[in-house]
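*Asks:* Sequence and computational prediction follow.
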Amino acid sequence: MQSDQIKQGVERAPNRSLLYALGMTEEDMARPLIGVVSSYNEIVPGHMNLDKITEAVKAGILESGGYPVVFPAIAVCDGIAMGHIGMKYSLVSRDLICDSTEAMALAHQFDGLVMVPNCDKNVPGLLMAAARLNIPTVMVSGGPMLAGTLKDGRRTCLSHMFEAVGAYKAGTMDENGVRDYEENACPTCGSCSGMYTANSMNCLCEAIGMALPGNGTIPGVYSARLRLAKKAGMQVMEMVRRNIRPRDIMTADAFHNAETVDMALGCSTNTMLHLPAIAHEAGVELNLDMANEISSHTPNLCHLAPAGDTFMEDLDHAGGVSAVMHELDKLGLLRTDLMTVTGKTVAENIAHAENLDPDIIRPVDSPYSSTGGIAVLKGNLAPDGCVVKQSAVASEMMVHEGPARVFDSEDDAIAAIYERRIQPGDVVVIRYEGPKGGPGMREMLNPTSAIVGMGLGSSVALITDGRFSGATRGASIGHVSPEAASGGPIALVEEGDLIHIDIPAHTIQLMVDEETLQKRREAWVCPPPKITTGYLARYARLVSSADKGAILL
């Protein structure tokens with residue numbers, strides 16, 4: 001066992017003395033030492049139940065002959081961090097989580113790991129750590145929140161809450177209406193109830209083979225979630241016995257499956273940051289251009305919020321991720337001979353899956369669209385690419401041309417939107433919010449929700465080198481690469497320039513001739529950094545571009 005490094009031999013007597021100080025016995029030391037990485041905290045609604053999940057994991061490990069040891073991982077609530085400097089710390093926390101987990105796991109020589117995340121950045125951060133460490137690992141999340149119910153009986157969620165603020169600013173909703181959403185949009189613990197980033201990544205944990213079936217969709221308040229956690233604790237012991245490691249699971253074909261399921265589910269655009277970063281840690285190259293190739297033949301089967309009016313609990317009742325994968329397998333779109341954390345292949349895992357509600361999971365012969373939920377666009381405005389959740393774009397905005405309204409920060413843009421300075425047809429450009437320029441690549445849920453809430457969602461596009469919440473809908477195009485702070489063409493856009501967007505053709509074009517752009521390029525001077533001290537300053541110096549997954553180099 002790897003833990004013998006701290007438990008065996010006279011030379012390790014000092015190490016054992018410290019283990020005895022923990023209350024361990026000789027019998028405990030004979031067992032495999034399993035780290036349980038708990039993201040429990042008291043500020044993130046998706047994490048307030050993880051103490052219960054962690055206890056269930058520990059019980060499963062103990063029952064199966066291991067010795068569980070809990071250590072923490074941080075987690076940021078993107079919703080609480082939204083709209084202020086806190087959002088700069090969201091994406092950057094992903095790498096802190098990965099690095100700190102590596103430090104704890106190797107410093108203490110665990111034989112296996114069970115990772116207990118739930119929200120946006122600590123799911124990919126822990127998957128990155130699993131791939132880097134390559135110690136037998138199972139992921140088990142805390143589960144999604146139930147949808148809310150307004151006073152009039154309509155179901156709701158966090159994305160509606162943000163849009164309600166925009167409606168209030170537009171004068172179409174009063175304070176009592178906002179309060180109705182405020183008190184009812186988030187009714188339980190769990191990751192927010194739509195197909196936002198947290199739930200997207202928890203579903204993709206299943207698709208890539210690193211979590212047990214049900215991980216992505218069983219609600220956090222269901223007892224089935226505790227049973228799943230207990231089984232995860234049991235299963236890590238089987239992985240230790242069989243020496244099944246993350247890189248045996250997270251292969252190039254497994255990432256192909258993850259992107260295919262991503263397209264079918266209509267996941268958050270943030271998956272286009274996280275999957276390449278996880279793949280990088282696994283030694284797999286995941287090119288952004290692969291998304292369009294996979295999307296071209298993958299039908300979009302689900303329209304969960306914000307793309308539609310259904311929620312994670314509905315997907316769970318319809319059969320969950322396994323049912324979606326079963327549908328995709330009918331078209332031969334998945335690589336099904338791959339190992340997973342169940343100790344079985346993908347084919348074995350989904351053999352008995354069933355689509356129990358074709359209104360929630362469309363059959364492959366009647367999809368929402370014949371192509372997937374995400375598109376990558378390229379052109380002279382984004383030579384290295386940018387990303388849009390096309391399944392959540394109004395049909396009339398799939399092709400759009402309009403004048404640029406240029407802002408050098410999210411704060412300036414949101415002020416202009418609230419002051420009604422944005423008109424139908426405009427293309428809002430928010431720059432210097434990328435990984436380096438932000439720094440930290442803030443999510444733009446406030447401006448996108450304001451645009452929708454103010455009735456402009458079917459007439460205004462938004463383009464940024466920042467990123468979007470999974471709760472964003474509309475013609476919201478992010479991850480523009482290269483970013484403005486690196487001298488990308490988005491830095492050269494001027495007020496009134498025409499921008500042409502063609503999502504079906506995967507193009508985005510600044511309608512300015514090359515000679516003019518070259519003159520602007522020669523005159524361009526990068527603004528001074530917004531943050532000059534602390535972790536964000538170090539992050540800005542080390543981070544790669546969004547098209548590479550915003551990994552630290």
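*Replies:* Structure received. Residues are numbered from 1 along each chain as shown.
*Asks:* Which residues are in contact with Gly143?
*Replies:* Gly143 sits next to 49, 118, 190-191, 202, 217-222, 225 when contact means C-beta atoms under 8 Å, 6 or more residues apart in numbering. Every residue, glycine included, has its C-beta placed from N, CA and C.
*Asks:* Tell me the one of these nearest Asp78?
*Replies:* Ser191 (10.2 Å; C-beta to C-beta).
*Asks:* List just the nearest of the contacts of Gly143 to Ala75.
*Replies:* Nearest to Ala75 among the contacts of Gly143, with distances taken as C-beta to C-beta, is Asn118, at 7.4 Å.
*Asks:* Out of the helices and strands in the protein, which is least certain?
*Replies:* Least confident helix or strand of the chain, by mean pLDDT, DSSP states H and E, is helix 445-453 with a mean of 89.
*Asks:* which residues are contacting it?
*Replies:* With C-beta under 8 Å, 6+ apart as the test, helix 445-453 has contacts from 82-83, 159, 162-170, 410, 413-414, 417-418, 422, 428, 430, 457, 460, 462, 468-469, 471-474, 476.
*Asks:* Find me whatever residue is spatially closest to Ala164, sequence neighbours aside.
*Replies:* Tyr181 (4.4 Å; C-beta to C-beta, 6 or more residues apart in numbering).
*Asks:* Can you flag which of the contacts of Gly143 belong to strands?
*Replies:* Among those, DSSP state E puts none in strands.
*Asks:* pLDDT, distance to Leu19 and neighbour count added to these, as JSON lines?
*Replies:* Putting the contacts of Gly143 into JSON lines (pLDDT from 0 to 100; distance: C-beta to C-beta, whole Å; neighbours: other C-beta atoms under 10 Å) gives the following:
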{"residue": "Asn49", "pLDDT": "97", "distance to Leu19": "30", "neighbour count": "20"}
{"residue": "Asn118", "pLDDT": "97", "distance to Leu19": "30", "neighbour count": "31"}
{"residue": "Gly190", "pLDDT": "97", "distance to Leu19": "35", "neighbour count": "30"}
{"residue": "Ser191", "pLDDT": "97", "distance to Leu19": "35", "neighbour count": "33"}
{"residue": "Asn202", "pLDDT": "98", "distance to Leu19": "33", "neighbour count": "28"}
{"residue": "Thr217", "pLDDT": "98", "distance to Leu19": "39", "neighbour count": "25"}
{"residue": "Ile218", "pLDDT": "98", "distance to Leu19": "35", "neighbour count": "27"}
{"residue": "Pro219", "pLDDT": "98", "distance to Leu19": "38", "neighbour count": "23"}
{"residue": "Gly220", "pLDDT": "98", "distance to Leu19": "33", "neighbour count": "27"}
{"residue": "Val221", "pLDDT": "98", "distance to Leu19": "37", "neighbour count": "17"}
{"residue": "Tyr222", "pLDDT": "98", "distance to Leu19": "36", "neighbour count": "17"}
{"residue": "Arg225", "pLDDT": "98", "distance to Leu19": "31", "neighbour count": "24"}
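*Asks:* which among the residues you listed gets closest to Ala147?
*Replies:* Distance to Ala147, by C-beta to C-beta, is smallest for Pro219 among those, at 9.6 Å.
*Asks:* Direction included, what does the longest strand belonging to the chain pair up with?
*Replies:* In the chain, with assignment by DSSP E, the single longest strand is strand 399-407. Looking at strand 399-407 with DSSP bridges, its partner strands are strand 427-430 (parallel), strand 498-502 (antiparallel).
*Asks:* Can you tell me the centre-most residue of this protein?
*Replies:* Thr197 (3.5 Å; C-alpha atoms, centre = their mean).
*Asks:* my guess is that residue meets Ser469, correct?
*Replies:* Yes. Counting by C-beta atoms under 8 Å, Thr197 touches Ser469, with 6.8 Å between them.
*Asks:* Now whichever strand or helix holds the residue nearest to Ala164: buried residues?
*Replies:* Using DSSP states H and E, Tyr181 sits within helix 175-184. Judged by neighbour count (16 or more other C-beta atoms under 10 Å), helix 175-184 contains these buried residues: 180-181, 184.
*Asks:* Switch those residues over to CSV; also include distance to Pro528 and pLDDT.
*Replies:* Below are those laid out as CSV (distance: C-beta to C-beta, whole Å; pLDDT from 0 to 100):
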residue, distance to Pro528, pLDDT
Asp180, 44, 98
Tyr181, 39, 97
Asn184, 44, 98
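*Asks:* now those residues in a markdown table, with distance to Pro403?
*Replies:* Output for the buried residues of helix 175-184, formatted as a markdown table (distance: C-beta to C-beta, whole Å):
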| residue | distance to Pro403 |
| --- | --- |
| Asp180 | 37 |
| Tyr181 | 33 |
| Asn184 | 39 |
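*Asks:* Which member of the residues you listed is positioned nearest Glu55?
*Replies:* Among the buried residues of helix 175-184, Asn184 lies closest to Glu55 (C-beta to C-beta), at 29.8 Å.
*Asks:* The closest one: what's its closest spatial neighbour, skipping adjacent residues?
*Replies:* Closest to Asn184 by C-beta to C-beta, 6+ apart is Gly148, at 4.3 Å.
*Asks:* now Leu286: how far from Gln8?
*Replies:* 39 Å (C-beta to C-beta, to the nearest Å).
*Asks:* Within its sheet, name the partner strands of the helix or strand following the least confident helix or strand of the chain and how each one runs.
*Replies:* Next along the chain after helix 445-453, taking DSSP H and E as the criterion, comes strand 461-464. Sheet pairing of strand 461-464 (DSSP bridges) gives strand 427-430 (parallel), strand 476-481 (parallel).
*Asks:* Please point out which parts of the longest strand of the chain sit buried.
*Replies:* Buried residues in strand 399-407 (16+ other C-beta under 10 Å): 400, 402, 404-407.
*Asks:* Could you export these as TSV, including pLDDT and distance to Ala56?
*Replies:* Output for the buried residues of strand 399-407, formatted as TSV (pLDDT from 0 to 100; distance: C-beta to C-beta, whole Å):
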residue	pLDDT	distance to Ala56
His400	97	49
Gly402	98	52
Ala404	98	52
Arg405	98	51
Val406	98	51
Phe407	98	47
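*Asks:* now those residues in CSV, with distance to Glu281?
*Replies:* Shown next, in CSV, are the buried residues of strand 399-407 (distance: C-beta to C-beta, whole Å):
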residue, distance to Glu281
His400, 37
Gly402, 40
Ala404, 37
Arg405, 39
Val406, 36
Phe407, 34
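*Asks:* from those, which is closest to Asp502?
*Replies:* His400 (8.3 Å).
*Asks:* surely that closest one meets Ile463?
*Replies:* No. Using C-beta under 8 Å, His400 is not in contact with Ile463; the gap is 10.6 Å.
*Asks:* Any chance you could list residues touching both of these two?
*Replies:* With C-beta under 8 Å, 6+ apart as the test, His400 and Ile463 both reach 427, 501.
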